[in-house]
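Colleague: let's see this in three dimensions:
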Amino acid sequence: MLNINPDEIKKLVKDKYSEVSRDPCGVFNFPVGKIFALKVGYPKEVLDNLPSSLTESFTGANNPQPFVELKEKEVVLDLGCGAGLDLYFYAKSVGEKGKVYGLDISEDMANKAKQNMRLVGIKNAEISVGESDNLSFNDNFFDVVASNGIYNLSPDKQAVMKEVYRVLKPGGRTVFCEIVLKEPLSEDERKSHSDWFRCIGGALVENDFIDLMTKVGFKNIEVISKCRNARTGHPSAICANIRAYK
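Modeller: Numbering: from 1, shown residues only. Prediction:
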């Protein structure tokens, strides 16, 4: 992947996750679906009562719900919303007077998320297609920007982080789950398409990730928790749940 330009990487990501949307039972080298969502901590009693289309294409890094701590009336962006599983929980948390926005690079995923929100009766969600390093939202717009494994798939992580910072209100927070590394990968692993989609090839060493957040301007950066889970197949990978403020 080191020899592929950013636009080509984005297209590969878009095509791969469009495939996950259309054929979630296909063969992938990363975990997909409800069983995976249960393994990373989503509540079974809730998932069992949701339509299968809301869980079958789930490919996140962890369950961010315990860490986001949303309040009623907040305005939230789910960056890389996929088929909408996290959006469902966020919409419930902020209530009818709050608003959630979902953004995904894959039109197939965004359309699936729209349909899923209709299926479960969510009316306070708005979903669009777009790229995380060039957000179409105004400055100082969101109380919270959340994501679940988006940075590992992004070729320009600093550009994404700058955009997240820009669209947050002063005092707003970003809360996300991300795969980070205990030590750098080999050059061969960084070149591999396969490892990129496993959220390993594009991962940063934990301290480098925190340094990038600081460089962009975030304050009070806290690694809330770290764990190994069903997404951290590589021995150097850790799932970190991180919160920071503008």
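Colleague: what ranges do the helices span in the protein?
Modeller: Secondary structure of the chain by DSSP state H: the helices cover 6-22, 34-39, 44-47, 52-55, 65-68, 85-94, 107-119, 157-167, 187-191, 193-197, 206-216.
Colleague: most packed of those helices?
Modeller: helix 85-94 (a mean of 24; mean count of other C-beta atoms under 10 Å). (C-beta placed from N, C-alpha, C; glycine too.)
Colleague: let's see that helix as PDB, backbone CA atoms only.
Modeller: Only the C-alpha atoms of helix 85-94 are listed here, as PDB (Å, rounded to 0.1, in the frame of the first residue of the first chain):
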ATOM      1  CA  LEU A  85     -25.300   0.000  14.200                       C
ATOM      2  CA  ASP A  86     -23.600   2.700  16.300                       C
ATOM      3  CA  LEU A  87     -25.900   5.300  14.800                       C
ATOM      4  CA  TYR A  88     -28.800   3.400  16.300                       C
ATOM      5  CA  PHE A  89     -27.400   3.600  19.800                       C
ATOM      6  CA  TYR A  90     -26.300   7.200  19.400                       C
ATOM      7  CA  ALA A  91     -29.800   8.300  18.200                       C
ATOM      8  CA  LYS A  92     -31.400   6.600  21.200                       C
ATOM      9  CA  SER A  93     -29.000   8.300  23.600                       C
ATOM     10  CA  VAL A  94     -29.400  11.900  22.400                       C
END
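Colleague: contacts for it, please.
Modeller: By C-beta atoms under 8 Å, 6 or more residues apart in numbering, the residues outside helix 85-94 that reach it are 37, 42, 50, 54-55, 58, 60, 64-65, 68, 70-76, 78, 81, 98, 100, 102, 113, 116-117, 120, 122, 124-125, 127, 146, 148.
Colleague: 6 Å instead, please
Modeller: Around helix 85-94, the neighbours that count as contacts under C-beta atoms under 6 Å, 6 or more residues apart in numbering are 54, 58, 65, 70, 74, 76, 78, 81, 100, 102, 122, 124-125, 148.
Colleague: mind putting these into a markdown table with distance to residue 235 and pLDDT?
Modeller: Below are these laid out as a markdown table (distance: C-beta to C-beta, whole Å; pLDDT from 0 to 100):
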| residue | distance to residue 235 | pLDDT |
| --- | --- | --- |
| 54 | 32 | 97 |
| 58 | 24 | 96 |
| 65 | 27 | 92 |
| 70 | 34 | 96 |
| 74 | 38 | 98 |
| 76 | 34 | 98 |
| 78 | 30 | 98 |
| 81 | 30 | 97 |
| 100 | 36 | 98 |
| 102 | 33 | 98 |
| 122 | 39 | 97 |
| 124 | 42 | 97 |
| 125 | 38 | 97 |
| 148 | 22 | 95 |
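Colleague: which two among the residues you listed are spaced furthest apart?
Modeller: The distance between the two most remote of the contacts of helix 85-94 (C-beta to C-beta) is 23.1 Å, for 58 and 74.
Colleague: those two: which is more packed in?
Modeller: Between residue 58 and residue 74, residue 58 has the larger neighbour count (other C-beta atoms under 10 Å), namely 26 against 22.
Colleague: nearest residue to that one other than its sequence neighbours?
Modeller: residue 37 (4.7 Å; C-beta to C-beta, 6 or more residues apart in numbering).
Colleague: what do you get for residue 105?
Modeller: Using C-beta to C-beta, 6+ apart, the closest residue to residue 105 is residue 14 (4.9 Å).
Colleague: surely residue 84 meets residue 116?
Modeller: Yes. Using C-beta atoms under 6 Å, residue 84 and residue 116 qualify as a contacting pair, with a distance of 4.4 Å.
Colleague: overlap of the contact sets of these two?
Modeller: Joint contacts of residue 84 and residue 116 (C-beta under 6 Å, 6+ apart) do not exist.
Colleague: against residue 11, how distant is residue 20?
Modeller: Per C-beta to C-beta, to the nearest Å, residue 20 is found 15 Å from residue 11.
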